[in-house]
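Engineer: Take this sequence and fold it.
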Amino acid sequence: MLAPNKTKLVCTIGPSSESTEIMLQMLNAGMNIARLNFSHGDFAWHKTAIDSLRRAAHTAGKRLTIMADLPGPKIRIGQFAEDRIELKRDDAFTLTTNEIIGDRLRRAVYLASQAKRAAKSWG
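Structural biologist: Here you go, the predicted structure:
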């Protein structure tokens, strides 16, 4: 006797697959986990997508798992004094949480509050 299939097909839902009709096609093609990337879109869009996924799964008579891919801390870089710099192999280049205008030696990075607290505690 063969064991049940434990393979899962994970599909990311986005603008090109947000319609209930496309979701039905994906379910009928074997999707059993729908991934939503919360780094993109707003919560209203994600709620609509979840509602559509549930409707499609109900219509298809299939079980569907919804996976939420949550964003981590965002890191942004600050400005440079010059439009362009050239870094060469073995050059030292510092990323700092201090608010500075960057040059060829260093650049500011802006972190989410949790990461900034961690950076301060590291010294």
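Engineer: so when I look at G30, I'm seeing a strand, right?
Structural biologist: No. With DSSP: H, G, I helix; E, B strand; the rest coil as the criterion, G30 is assigned coil and is not in a strand.
Engineer: For this structure, which residue occupies the most central location?
Structural biologist: Compute the mean C-alpha point of the chain, and by C-alpha atoms, centre = their mean the closest residue is S39, 3.9 Å away.
Engineer: Just to check, that one is in contact with D69?
Structural biologist: Yes. With contact defined as C-beta atoms under 8 Å, S39 and D69 form a contacting pair (7.3 Å). Any C-beta I mention is one placed from the backbone N, CA and C, and that applies to glycine too.
Engineer: Contact partners for I50?
Structural biologist: Contacts here follow C-beta atoms under 8 Å, 6 or more residues apart in numbering; on that basis I50 touches L36, I66.
Engineer: host element of it?
Structural biologist: Secondary structure assigned from DSSP states H and E places I50 in helix 43-60.
Engineer: and that helix, what's its mean pLDDT?
Structural biologist: Along helix 43-60, the predicted confidence averages to a pLDDT of 96.
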